[in-house]
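Colleague: Kindly generate the corresponding structure for this input.
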Amino acid sequence: MPEAWVYLLRCRDGSLYCGWTSDLDRRLAAHRAGRGSRYTASRQPLSLAYAQPMVDRSAARREEARIKALTRAEKLALVAAGPASV
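Modeller: Numbering: from 1, shown residues only. Here you go, the predicted structure:
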């Protein structure tokens, strides 16, 4: 089992939210309950658009920062290239 995950959520308004976690199921449940982040709490419902397992938390934080620096088009290409894996 991976130690950490990097994920992208697709929000109701079409925006994408990027984050990382050590427990993907728990984190998705928190987002869907409105407790995951302020950003996603106001943009529900949410769907998992992309999830990538990472070897450790440090790698997950680096990958999250890399993804957040991408343009929207690049993020959408990432989602299209790799389906969500849970």
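
Colleague: On the three-state scheme, Leu76 is what?
Modeller: helix (DSSP: H, G, I helix; E, B strand; the rest coil).

Colleague: ok now do it, which residues does it touch?
Modeller: Residues in contact with Leu76 (CB atoms under 8 Å, 6 or more residues apart in numbering) are Leu16. The C-beta positions use only the backbone N, C-alpha and C, and glycine is treated the same way.

Colleague: ok, it to Ser37 distance?
Modeller: Leu76 is 21 Å from Ser37, where distance means CB to CB, to the nearest Å.

Colleague: Show me the contact partners of the least confident helix or strand in the chain by mean pLDDT.
Modeller: Ranked by mean pLDDT, DSSP states H and E, the helix or strand of the chain with the weakest confidence is helix 38-41, at a mean of 93. Defining contact as CB under 8 Å, 6+ apart, one finds that helix 38-41 is touched by Leu9, Cys11, Tyr17, His31, Gly34, Arg35, Leu46.

Colleague: Pull out the buried residues from those.
Modeller: Leu9, Cys11, Tyr17, His31, Leu46 (16 or more other CB atoms under 10 Å).

Colleague: C-alpha coordinates for the least confident helix or strand of the chain, CSV please?
Modeller: In CSV, the C-alpha atoms belonging to helix 38-41 read as follows (Å, rounded to 0.1, in the frame of the first residue of the first chain):
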residue,chain,number,x,y,z
ARG,A,38,-12.6,25.7,2.5
TYR,A,39,-12.1,25.7,-1.2
THR,A,40,-13.9,22.3,-1.8
ALA,A,41,-16.5,22.9,0.9
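
Colleague: What's the end-to-end length of stretch 5-15?
Modeller: The first and final residues of stretch 5-15 sit 20 Å from each other (CA to CA, to the nearest Å).
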